[in-house]
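Visitor: Give me a model of this one.
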Amino acid sequence: MALPMGWLTEGSDHEGYVVCVFADGMYGVSGKHRQITLMTAAGKTIWEDGTNPDSVAWRPPSEVVGWKVACSSEPFNKHVVLDPPWTRVWDPADEDFTGGRIYAGDPSSDDPEYVSEREDLEPLFIERWKQHLAPDLYLRKITSLHQEIEKVETQLNEAVTAARIEGLSWEKIGGALGITRQGARQRWDTPNARKGNRHVTSSVDSLRRGRRRSCSSNVHKCKTSPG
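Guide: Okay, the predicted model is just below:
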C-alpha cells in the first residue's frame, strides 16, 4: 500500500505518518477524494475482494473518530500504530491539542483526510513519532560510534607501528597521546597488548628485520665497491 506523505529518518529506514481511526478500531489512510482506504494495524490494505485490485475497502471521512501516528520500517519489516490517539470533536470550541482533541469539520467535511497537513498539528504528530523512534535511534547511534571508534583505533595502531618502525621512542609516542612512556608501552608493548595488537608488533618486528637486512646488504656493497 502506498503510504500518505509523512516524515522520514536519515537513510529513510523509518517513515512516520498519520492514520485515521474508526469507531470499531479499524484504521485508514487518505485514498481517493472522500474515500479513506482501510488498513490493518500491520499497515496492509484491506480489500473487499482479494482477487480484484480495484476493490479496496474504504469509508467516508464522516466516520472518522480520531487519529494516531504510525511508523513504518520496510528494511526491518515493521509497522506500528502508536497510542494514545487524538479524538475527534464536533465543536471547534472543544478543540484542545494538549488534551488530545481535534476539530476536523462537520460530518460533511473532508477535513479528516487532511489533518496531517495542518501546520498547527504536524509538530505534535512528529513529536509523537520521534518519541517512538528515540530508543532505536540511540542504539543505531551507539553502533555507528562504536564502528567509528574501531576504525580510529585501527588507524592509531597503524600510526604507532609506523612511529616505532621509524625509531621513535615510547616517550615521544606517549607525549603525542598525552600519556606517559609507561602508559604507551603498556598499551602497545606488553604481552597482553601485543596479543591484542598482534598486527602492530608483528609489523614492527618484520619491517625492522627487513630494514636490518637492507642495511647489511648496503654496507657489504659499499665495502666491496671499487674506489
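
Visitor: what's the following helix or strand after the longest helix belonging to the chain?
Guide: Determined from DSSP state H, the single longest helix within the chain is helix 122-165. Counting by DSSP states H and E, the next helix or strand C-terminal to helix 122-165 is helix 170-177.

Visitor: Can you spell out which helices and strands pack onto the very next helix or strand once past that following helix?
Guide: Next helix or strand after helix 170-177 toward the C-terminus (DSSP H and E): helix 181-188. Under the contact criterion of 3 or more C-beta pairs under 8 Å, 6 or more residues apart in numbering; DSSP states H and E, helix 181-188 touches helix 122-165, helix 170-177, helix 191-196. No exception for glycine: its C-beta is placed from N, CA and C like everyone else's.

Visitor: can we see that at 10 Å?
Guide: With contacts defined as 3 or more C-beta pairs under 10 Å, 6 or more residues apart in numbering; DSSP states H and E, the packing partners of helix 181-188 are helix 122-165, helix 170-177, helix 191-196, helix 198-224.

Visitor: rank these by mean pLDDT and give me the bottom one.
Guide: Lowest mean pLDDT within the helices and strands packed on helix 181-188: helix 198-224, at a mean of 53.

Visitor: for this protein, which strand is longest?
Guide: In the chain, with assignment by DSSP state E, the single longest strand is strand 64-73.

Visitor: List every C-alpha atom in that strand, with coordinates, as CSV.
Guide: What follows is strand 64-73, C-alpha atoms only, in CSV (Å, rounded to 0.1, in the frame of the first residue of the first chain):
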residue,chain,number,x,y,z
VAL,A,64,-13.5,9.1,11.4
VAL,A,65,-13.5,9.4,15.2
GLY,A,66,-9.8,10.1,15.8
TRP,A,67,-6.2,9.8,14.6
LYS,A,68,-3.0,8.1,15.5
VAL,A,69,0.6,8.3,14.4
ALA,A,70,2.0,5.2,12.6
CYS,A,71,5.6,4.2,11.9
SER,A,72,6.6,2.0,9.0
SER,A,73,10.1,0.5,8.6
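
Visitor: Pull out the buried positions in it.
Guide: Neighbour-count burial for strand 64-73, counted by 16 or more other C-beta atoms under 10 Å, picks out Val64, Gly66, Trp67, Lys68, Val69, Ala70, Cys71, Ser72, Ser73.

Visitor: which phi and psi does the residue lying closest to the fourth one once chain neighbours are set aside have?
Guide: If I follow you right, that is Lys68. Sequence neighbours aside, Pro85 is the residue nearest to Lys68 in space, at 4.8 Å (criterion: C-beta to C-beta, 6 or more residues apart in numbering). As for Pro85, its main-chain torsions (degrees, to the nearest 10) stand at phi -90, psi 170.
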